[in-house]
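# My questions concern the predicted model and sequence given below.
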Amino acid sequence: MKGEGISRRSFLKAASSAAILGSGAAGAEELLASDKLPQNEGEKEIIPSACRQCYGRCAIYGTVKNGRLVKIEGNPELYNEGTVCSRAFSIPQTMYSPMRIRYPMKRVGKRGEGKWKRISWEEAMTEIAGNLKKVKDKYGPHTIIHNNGTGRDQLNIYALQYVFWNYGSTSCFGVGNLCKIGHDAVSREIYGGACQWSGWDGQKTKCIIMWGRQIKAFGYYDWLTVKRAKERGVKLIVVDPRFNSTSCKADVWLPVRPGSDMALALAFINVMIRTKRYDAEFIRKWTNGPFLVKEDGFLLRESDLKKGGSEKKMAAADEKTGRLIFWDGETLSWSEENAVPAIRGKHKINGKTYPTSFEILAESVSEWTVEKAAELTWVPKDRIETAINLYLDNSPGASFCRGQKTEFTPNTSGLSHAFNLLMALSGNFEAEGGQNCIRETPHASPVAFVMYPPKSAAWEYSLKNPDKTSVSPGTQKISGEFGGWGAAVTNAMVTGKPFQPRAYFGAHCDPILGLEDSKKVLEGMLKMDFIANVNLFMSPACEISDIVLPASHPNEVDRIEYPQTGHPFPATQTILIRQPFGKPAGECRDDIDILFDLGRRLGVDMHWKDTKDFYDWSLKKAGTDFEGFRKKVYITAPIHYKKHETGRLRKDKKPGFPTPDGKFNLYSEALKKYGWGPVPKYVEVPNSPYSEPELYKKYPLIFISGARSDQYFHSEYRQSPYMRELHSFPRVQVNPETAAKYGIKDGEWIYIESSHGKCTQMAEVTAAVHPGVIHMDHDWWFPEKEASDELHGCFVCNPNVLVSNEQIHDPAIGTSSFGGLCRIYPSKDGAPAGIYTEPEQMKAMLPVKDGGK
Amino acid sequence: MARYAMVFDLDGCLGCKSCMIACKQENNVDIGIYWNKIRTVGPNGKYPDLEMYYMPELCQECENPPCVEVCPTGASYKRKDGITLIENDKCIGCESCIDACPYGARSMNSENIAVKCNLCAQKIDGGEKPACVDICPAKCRIFGDLDDPKSEASIALKKAGKNVYRLPDSGNKPSMAYVLTTLKWRM
């Protein structure tokens, strides 16, 4: 590449700052120099692998020449059909970046001062294990916080959880709460799967809804499926506050007010029920819709009606005879062979009247007329009507696909419930052209890594004693992290309540950038006795660590990539190899090897010998092992429909859903206990024009952030010159009317201020947003700035400093809103000092010709 | 004789700019310079009644290229297959071609040599397509020989019928074609 033309001398001149040399430690230049490659080492080799620059995990080829990756291409054999996005081309720039951390380091200055000492792996691991043990002995293992970044192949997340859960650490900052885990966990509660993420049948679909999801958010190949569907006449409905690359391809665009999605979902469900366009037989046969509900809101059981009755026998009424019948949750059968349970109405049992749970849902959503939804969501009424009719008239056989941003609300659990109802009750679960409820991958997914026994005594203890070990006791009961996460961790760190977290171990993540209330996150982290981080680059959180470990790049290690985040078939059922394009840089190590090492030092029984041992086991299902898979490159499992009817969803092979009673929980007792209610309800987001009208007078604009960028993945790739020259600045989208009102011009820097904080970004004046809404880029930091310069400028452009974490959280899963109210005004300061503004400056981040590897 | 060009399916283009970077990898393009750009056209209208599409902007492989005409040294030349190229050694950096190109498709690189999209002639000569074509996530860049009615590009043009647009032509005859079926062409 052209950048390689820069001579080593001129590079070192350009890169004389500690920030560029990544480590800030003595020896960085020496190690770069010692990395010089022998010339003509070998022949040109083309290696099939996977891109991990986002969750799309496109199949790629890497051309390796003389031991160095020189070219990335798409692999035409797989679902991405040879296509890749711009980020794939930043792989070599990331692997060979002069800013990579190349060896373990120990902090020698103050936290954030940027002074480091190179140490050996043995020294680093001994220090980490010793400090974690010290904290465990003195304060208890629950005071250790573990944290992971967005994992893509996920094994790094599960390996981390395995080590720390077994050690007795229960709390995690994320990343689940910033991602899909809220919806995922709620879906598992409702029906035992996560179809919002397990895929849709794009080839056969009759209608597509993309809800809060850019087609090119991750895995741009989704567009090929959607485009071909459109060419055969399928209509595309897009729900998004912004007019983006997806909205502009929509047949119907629903420009929803940020945070009000629930009103729209409830209108869909209400119209479906009111116009009887629901799948009555599905509801009758496969859901708990016929179950009767007591006055207290819990389901009527045999044990409520007679002494010694079973708690697992659920009462219903026969539609024809009106007789009391029971669904036996153990045998998965009705008490009468030809029972036809009533799904609607109120039924008299032993003199008392009970509604069916579906009746309660129908009543509960009845207020959500299209008119009401239009008023609250700011979406034109006719568009809502058109969209609802399109979806319902094409069901079964309509598909639904959503993005993560709908997760960023205090009502994630309710919205996930509503999305499930929308899909399932309209007959789209397991239907051709609809939702694939549970994906059937050819291997055992990495979830098995963490779920597999043995479980330590510490793990069992924290599960049984959340009052003593969780940062959010009593809430977040339905979630993937049993000790609480996100804002609850921040608040515990800052206030010491319910206890003071003492140590932190993070891998590939930065809570200072990614979480709400960034400044408070830093304040809390600075109270830690000990911090260790594993990363590719010195991110803000690395800079306040005691020990930093250098991780291998994803294309320097072996992994099985498996499908995530709701792509159409066949991507959903394909596993793909990710194998190295080269040896790890410097002394970098595979992050999972690091966790195996750490686990053993902490006395955790790792069960598996190493990554390969786990992969060999997980591939048994496919009749191969990892080396066999390496030769195959990928395996696609066939798609099956109606899996709930054929027994493919349950371990016992019985028809039904993989829930305790085999039913899809249209009515959720768990969400009644731990969430906003047994059926989805609208909860207005905090910091909105409706929830806080007084504040709205002072801060008259709604801000949102977090839309996916084509060049970045959250806080990643700011070190890639290709990405930085194309997307050089954090940009805030402002409507032209609004810009005129506040004297803001396109391309000028402005301030965005909430009642909680402020940041600056460059204005992009565009009609793509509502005049009352602005959208900010998220997770910006500037690796070119020094650590001592506010941790590489981690606050200056970061919209998360505008968000308080003391607002309401979803009681079931702990998520909260990342948006709010703000005001904007022109900045006289221009671009933040010390950031690269010219392409010429960005050349300093290019790989050196013969170094870096 | 061949006439290599591309047809851009603007109904399909997502504006993801992947082609911009694929081009840089293939052709070692300097940081700060693009041979191939994507411009966002719009959004036009008033929220929420909007229209938007994305527009690839690059050398139009003119039949009568003004850049070749003005080049004093013959560095800019047109091959028989329609591709206009620049011979680096002959370029004196006078920038005449930069001014002559009606589409702003040329720029000067760090060595003061005029550069532009070369349609990846090095790949075409090896029987391959330009680097931006196969990786395009929308598969909306259709490459081919416009003189060959059986080429993918010719077939796409024929299929598009009257929905084919070209950049303004002042006699230079741009070869690149743009297909836009549902929205208004704004140029």
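Noted; the coordinates are in hand.
# From residue B:24, how far off is the closest residue to chain B within chain A?
Scanning chain A for the residue nearest chain B gives residue A:839, at 2.9 Å (criterion: Cβ to the nearest Cβ). Placement of C-beta: from N, CA and C, glycine included. To residue B:24, residue A:839 is 12 Å away according to Cβ to Cβ, to the nearest Å.
# More neighbours: which of the two?
residue B:24 (26 against 16; other Cβ atoms under 10 Å in any protein chain shown).
# got a pLDDT number for the residue nearest to the spatial centre of chain A?
Geometric centre of chain A, nearest residue: residue A:179, 2.2 Å, by Cα atoms, centre = their mean. Here the pLDDT value assigned to residue A:179 is 82.
# wait, it sits on residue A:149?
No - using Cβ atoms under 8 Å as the test, residue A:179 is too far from residue A:149 to be in contact (10.3 Å).
# coming back round to it: can you pull the contacts of the residue nearest to the centre of chain A?
Going by Cβ atoms under 8 Å, 6 or more residues apart in numbering or on different chains, residue A:179 touches A:150, A:404, A:407.
# Can you report phi and psi for it?
Per-residue torsions, residue A:179: phi -130, psi -120 (degrees, to the nearest 10).
# Likewise for the one 5 residues further on?
The phi/psi pair for residue A:184 (degrees, to the nearest 10) reads phi -60, psi -50.
# Quick check: nearest residue in space to it, chain neighbours excluded?
residue A:194 (4.5 Å; Cβ to Cβ, 6 or more residues apart in numbering or on different chains).
# That neighbour - how many residues pack around it?
Neighbours of residue A:194 under the rule other Cβ under 10 Å: 23.
# pLDDT at it, what is it?
On the pLDDT scale, residue A:194 gets 83.
# hang on, isn't it packed against residue A:402?
No - applying Cβ under 8 Å as the test, residue A:194 and residue A:402 come out as separate, 11.1 Å apart.
# Which residues are in contact with each of the two?
Counting by Cβ under 8 Å, 6+ apart, the shared contacts of residue A:194 and residue A:402 are residue A:183.
# Skip the chain neighbours and tell me the closest residue to whichever residue of chain B sits closest to chain A.
Proximity of chain B to chain A (Cβ to the nearest Cβ) peaks at residue B:32, 2.9 Å away. In space, and not counting its chain neighbours, residue B:32 is closest to residue A:839: 2.9 Å by Cβ to Cβ, 6+ apart.
# hey, where'd the strands end up in the stretch 651-800 of chain A?
With strands called from DSSP state E, counting those that start in this stretch, the stretch 651-800 of chain A shows them at A:701-705, A:731-734, A:749-753, A:758-765, A:773-776.
# And those strands: which comes nearest residue A:285?
strand A:701-705 (40.7 Å; Cβ to Cβ).
# what helices or strands is that closest one leaning on?
Judged by 3 or more Cβ pairs under 8 Å, 6 or more residues apart in numbering or on different chains; DSSP states H and E, strand A:701-705 is in contact with strand A:773-776, strand A:820-826.
# deepest of the ones you listed, which one?
By mean neighbour count, with neighbours taken as mean count of other Cβ atoms under 10 Å in any protein chain shown, strand A:773-776 ranks first of these at a mean of 26.
# Pull the residues that contact that one.
Here strand A:773-776 makes contact (Cβ under 8 Å, 6+ apart) with A:241-242, A:257-258, A:701-705, A:707, A:730-735, A:738, A:752, A:759, A:761, A:769, A:799, A:822, A:824.
# The residue nearest to residue A:539 when sequence neighbours are not counted - how many residues pack around it?
The shortest distance from residue A:539 to any non-neighbouring residue, by Cβ to Cβ, 6+ apart, is to residue A:510 (4.4 Å). Neighbour count of residue A:510, defined by other Cβ under 10 Å: 28.
# show me what contacts residue B:47?
With contacts taken as Cβ under 8 Å, 6+ apart, residue B:47 has the following neighbours: A:243, A:255, A:735, A:767, A:768, A:769, A:770, A:771.
# count of neighbours near the fourth one?
Looking back up the chat, that one is residue A:767. 22.
# next one: the third one
Here the neighbour count serves as a burial measure; for residue A:735 (other Cβ under 10 Å) it reads 21.
# Need the phi and psi values for the closest residue to it other than its chain neighbours.
Spatial nearest neighbour of residue A:735, chain neighbours left out: residue A:771 (4.2 Å); criterion: Cβ to Cβ, 6+ apart. Main-chain dihedrals, residue A:771, degrees, to the nearest 10: phi -60, psi -20.
# Would you confirm that residue A:771 contacts residue A:740?
No - assessed by Cβ under 8 Å, residue A:771 is found out of contact with residue A:740, at 9.9 Å.
# Now render the helices and strands packed on strand A:701-705 as a markdown table, adding distance to residue A:167 and mean pLDDT.
Formatted as a markdown table, the helices and strands packed on strand A:701-705 follow (distance: least, Cβ to Cβ, whole Å; pLDDT from 0 to 100):
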| stretch | distance to residue A:167 | mean pLDDT |
| --- | --- | --- |
| strand A:773-776 | 38 | 98 |
| strand A:820-826 | 37 | 98 |
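# Of all those, which one is nearest residue A:689?
Residue A:689 lies closest, by Cβ to Cβ, to one member of the helices and strands packed on strand A:701-705: strand A:820-826, at 7.4 Å.
# Pull that closest one out as CSV, backbone CA atoms only.
Extracted in CSV, the C-alpha atoms of strand A:820-826 (Å, rounded to 0.1, in the frame of the first residue of the first chain):
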residue,chain,number,x,y,z
GLY,A,820,-32.1,13.1,26.2
LEU,A,821,-32.8,16.7,25.9
CYS,A,822,-30.2,19.3,24.8
ARG,A,823,-29.5,22.7,23.4
ILE,A,824,-27.0,23.5,20.7
TYR,A,825,-24.9,26.6,19.8
PRO,A,826,-22.0,27.5,17.5
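# Could you tell me the angle between that strand and strand A:701-705?
100 degrees (axes from the mean of the first three to the mean of the last three Cα atoms, to 10 degrees).
# give me phi/psi at the residue nearest to residue B:32?
phi -50, psi -40.
# On the pLDDT front, check residue 176 for me.
All of this is about chain A. pLDDT, residue A:176: 77.
# Not quite, go with chain B.
With respect to pLDDT, residue B:176 scores 98.
# Run through the residues that contact it.
For residue B:176, the contacting residues are B:5, B:6, B:7, B:8, B:58, B:60, B:61, B:166, B:167, by Cβ under 8 Å, 6+ apart.
# and if you look at residue A:423?
A:195, A:400, A:429, A:434, A:435.
# So among those, where is pLDDT lowest?
When those are compared by pLDDT, residue A:195 scores lowest at 74.
# From residue A:86, how far off is it?
30 Å.
# Can you list the low-confidence ranges for the chain?
Here I'm looking at chain A. Applying pLDDT under 70 to chain A picks out residues A:1-42, A:479-482, A:849-853.
# not what I meant, chain B
By pLDDT under 70, chain B contains no weakly predicted segment.
# of all the residues in the stretch 201-350 of chain A, which ones are close to chain B?
Within the stretch 201-350 of chain A, the positions near chain B by Cβ under 8 Å from any Cβ of the partner chain are A:215-216, A:220-221, A:223-224, A:227, A:243, A:245, A:247-249, A:253, A:255.
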